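Asker: starting from these lines, generate the structure:
(chains A and B, ligands or ions: 2)
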Amino acid sequence: MITFDSVTKRYPDGTVAVDHLSLEAPTGEVTVFVGPSGCGKTTSLRMINRMIDATEGEILLDGRPVREIDPPTLRRGIGYVIQQAGLFPHKKIVDNIATVPHLLGWDRGKARARAMELLERVGLDPAMGERYPFQLSGGQQQRVGVARALAADPPVLLMDEPFSAVDPIVRTSLQDELLRLQAELNKTIVFVTHDIDEAIKLGDRVAVLRVGGRLAQLADPKTLLSEPADDFVREFLGRDRGIRRLQFVSTEGLRLRTDLTVPEGYEGGRSEPWLLVVTKDGRPLGWIAGDGRGGPEPYGTFRPGQDSMRAALDAALLSPSGCAVAVDEEGKVAGVATREALDAALAEAADA
Amino acid sequence: MRDALLADGPPAIWLVADGPPTIWEWIARNWDTGRGGSIKNLLGDHLVMSLVPIVAGLALALPLGLASVRWRWLYQPTAGLFNVIYALPSLPVFMLLISVTGLSKTTVIIPLTFYAIAVLIPAVVDGLGSVPDHVRQSAVAMGFTPLRRLLRVELPIATPVVLAGLRVVAVSSISLVSVGAVIGEGGLGMLFTRAYQNPFLPPVIVGIVLIVALALVADALLVLAQRLLTPWVRARRAS
Ligand SMILES: Nc1ncnc2c1ncn2[C@@H]1O[C@H](COP(=O)(O)OP(=O)(O)O)[C@@H](O)[C@H]1O
Ligand SMILES: [Mg+2]
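Answerer: Ligands and ions are numbered 1, 2, ... in the order given. You can find the predicted model right below:
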């Protein structure tokens, strides 16, 4: 656990970057620092591994003041990932990843083996180990940056806007990858971002900071969206808070109807306004009017229990029927969530 | 002064020529006469007087460059001082040094070393400046000690820029040694002075060809060193 105990950082020029910050980043959880540019996120992060020393207050790592730990020793036990990856241009990828193991004096073979293992773990081709950093795309470099931070298996990971410089598609896949890794590794992660959506997606707890380095709110993402502490937080969260909150509402209890499907070649006869045409192997083909007229219309799918209410609602809105198609992991139709079912679930979510 | 110049004495063959020899004959007769003025000895002198300044210059410019990066205010005065020395005409510098070091190789080596330093300090400073800030920061964050960071991260990344400076120094040092001929220590440059006394072309041609060849070899060796030391730079160019 990382504890900030009334930590203040005043730079020599008088700038107060962090002002009496007190919070805890629990072991095995992702704590996100989010806030506008210049609110002291990087400063806060760097005080943990003593790249910057606090002016007042104390930062504790599992109860021990970091002030008492020799900086190089402290840092070798804390993974660190930054926006530009910061890979060593003169080292091959495997040597980049093996940096901290080298510093810790592991033998060469063991360090290399560990590096190759991590390369795969972060989703890269092991053949990339022999390349130099400039031969990799930005997203690949960022993966190597994560692998390098994990190399010596540190319990703590500090990440400073690690995914801000890559394009949105790559960013999404890096975020998913991080969540997947974290589910396996259970590191204590402090993640800095200026992007509230990223904070909500990745954080177990989100600390919203305001300029001047003061904590505006510390809460889990769902609470943050439903109960912003003040106008600053509300404004920072932006629009669509209600819709975004639905991503924390499960589709587990959503009522599904299984009587609204028909096989290919249906020619009318049922009194339902819309029916879902399903192929022989159980996959959705499209919506058709109850009288059998017109071609199959577009449909949207979600996986009940896995996807959130936000995804289910999105699937419903994609189709003229206003219904969402529930599918299993193989993409076969498991049922249909009608407007009425979605309505009921939304009403329940609003009450919660 | 003239006695000093001819202290080793020119090979007798230069004086008693019965009809001008061809350049090949001249080389054959003067390559190794067992006396100081033989081509072989002049070549050796030339190598010593150009290599020592290159090596000494690098050895001195490295700490000076590092200090200039560490203490920024040092850079301008240090670089300025060596630039002024660089700008001084060699003749008066030699005259000044003769009173201390006499008519010796040292008198030639000292100013050349200063020239090397004048070129290499900015190369070291620029080289270290070429280390991206995020790379330096991530080295700190991973727990490099300052010395280890310098040796394993910053200097290797600075190497291409320093080597580029070293190539300039090597070629100019090899060519500048000839100036030492005015005090009787010009290495292969001695072959030019003798042409004043005796209008005879072969020594001049041999001198020029050998100096150019030395410069080319030194440059080629440095290019080779660059390839071996900085494979990542070559990989980048190739891609
Ligand atoms: N070395 C420094 N000297 C003086 N002021 C600084 C320094 N580093 C950061 N600051 C200031 O401290 C504040 C917080 O900076 P930073 O922690 O980098 O914010 P963030 O990462 O949230 O953008 C800013 O106002 C910034 O200008
Ligand atoms: Mg920052």
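
Asker: list the helices and strands the top helix by length along chain B packs on?
Answerer: Longest helix of chain B, by residue count under DSSP state H: helix B:39-70. Helices and strands touching helix B:39-70, by 3 or more Cβ pairs under 8 Å, 6 or more residues apart in numbering or on different chains; DSSP states H and E, are helix B:72-87, helix B:105-129, helix B:155-176, helix B:190-197, helix B:201-229. Heads up, the C-betas are built off the backbone N, CA and C, glycines and all.

Asker: mind listing what's buried along stretch A:185-204?
Answerer: In terms of neighbour count (16 or more other Cβ atoms under 10 Å in any protein chain shown), stretch A:185-204 has its buried residues at A:187-194, A:196, A:198-203.

Asker: keep only those of the residues you listed that are in strands.
Answerer: Secondary structure defined by DSSP state E assigns A:188-193 of these to strands.

Asker: so the residue nearest in space to the middle of chain A versus residue A:246, what's the distance?
Answerer: For chain A, residue A:202 is the residue whose C-alpha lies nearest the centre (Cα atoms, centre = their mean; 2.8 Å). Distance, residue A:202 to residue A:246, by Cβ to Cβ, to the nearest Å: 18 Å.

Asker: now residue A:333
Answerer: Plainly put, residue A:333 is 23 Å away from residue A:246 if you go by Cβ to Cβ.

Asker: would you check that residue B:86 makes contact with residue B:120?
Answerer: No - counting by Cβ atoms under 8 Å, residue B:86 sits too far from residue B:120 to count as a contact (11.3 Å).

Asker: before we move on, the earlier item: to residue A:349, which of the helices and strands packed on helix B:39-70 lies closest?
Answerer: Closest approach to residue A:349 among these (Cβ to Cβ): helix B:155-176, 54.2 Å.

Asker: which pLDDT value belongs to residue B:198?
Answerer: For residue B:198, the pLDDT comes out at 69.

Asker: same thing with residue B:206?
Answerer: 89.

Asker: pretty sure it is touching residue B:192, no?
Answerer: No - the criterion here is Cβ under 8 Å, and residue B:206 misses it with residue B:192 at 10.2 Å.

Asker: looking at these two, which has the bigger crowd around it?
Answerer: Neighbours per residue (other Cβ atoms under 10 Å in any protein chain shown) separate residue B:206 from residue B:192, with residue B:206 holding more: 20 against 16.

Asker: contacting residues for the more buried one?
Answerer: Residues near residue B:206 by Cβ atoms under 8 Å, 6 or more residues apart in numbering or on different chains: B:23, B:26-27, B:39, B:191.

Asker: neighbour-wise, which of these leads?
Answerer: Of all the contacts of residue B:206, residue B:191 has the most neighbours under the rule other Cβ under 10 Å, reaching 25 neighbours.

Asker: quick one: it from residue B:37, how far?
Answerer: From residue B:191 across to residue B:37, the span is 9 Å (Cβ to Cβ).

Asker: next: residue B:26.
Answerer: Distance, residue B:26 to residue B:37, using Cβ to Cβ: 13 Å.

Asker: same check, this time on residue B:114
Answerer: Using Cβ to Cβ, one obtains 28 Å as the distance from residue B:114 to residue B:37.

Asker: out of the ones in strands among the buried residues of stretch A:185-204, which touch ligand 1?
Answerer: The subset of these within reach of ligand 1, by Cβ under 6 Å from any ligand atom, is empty.

Asker: out of the residues you listed, who's nearest ligand 1?
Answerer: Distances from ligand 1 to these, taken as Cβ to the nearest ligand atom, are shortest for residue A:192 (6.6 Å).

Asker: indicate the residue of chain A located nearest to chain B.
Answerer: Nearest residue of chain A to chain B (Cβ to the nearest Cβ) works out as residue A:86 at 3.0 Å.

Asker: residue contacts, that residue?
Answerer: Counting by Cβ under 8 Å, 6+ apart, residue A:86 touches A:145, B:132, B:134-135, B:137-139, B:141.

Asker: are any of the residues you listed buried, and which?
Answerer: Among these, those that count as buried by neighbour count (16+ other Cβ under 10 Å) are A:145, B:135, B:137-139, B:141.

Asker: where do the helices sit along the stretch 51-200 of chain A?
Answerer: A:71-76, A:93-97, A:99-103, A:108-121, A:138-150, A:168-185, A:196-202 (DSSP state H, counting those that start in this stretch).

Asker: residue nearest the centroid of chain B?
Answerer: Per Cα atoms, centre = their mean, the C-alpha nearest to the average position across chain B is that of residue B:173, at 2.9 Å.

Asker: how about the nearest residue to that one once chain neighbours are set aside, what does it touch?
Answerer: The shortest distance from residue B:173 to any residue other than its chain neighbours is 4.6 Å, reached at residue B:50 (Cβ to Cβ, 6 or more residues apart in numbering or on different chains). Residues near residue B:50 by Cβ under 8 Å, 6+ apart: B:112, B:170, B:173-174, B:176-177, B:187, B:214, B:218.

Asker: who in chain A is up against ligand 1?
Answerer: Residues of chain A that fall close to ligand 1, judged by Cβ under 6 Å from any ligand atom: A:11, A:13, A:15, A:17, A:37-43.
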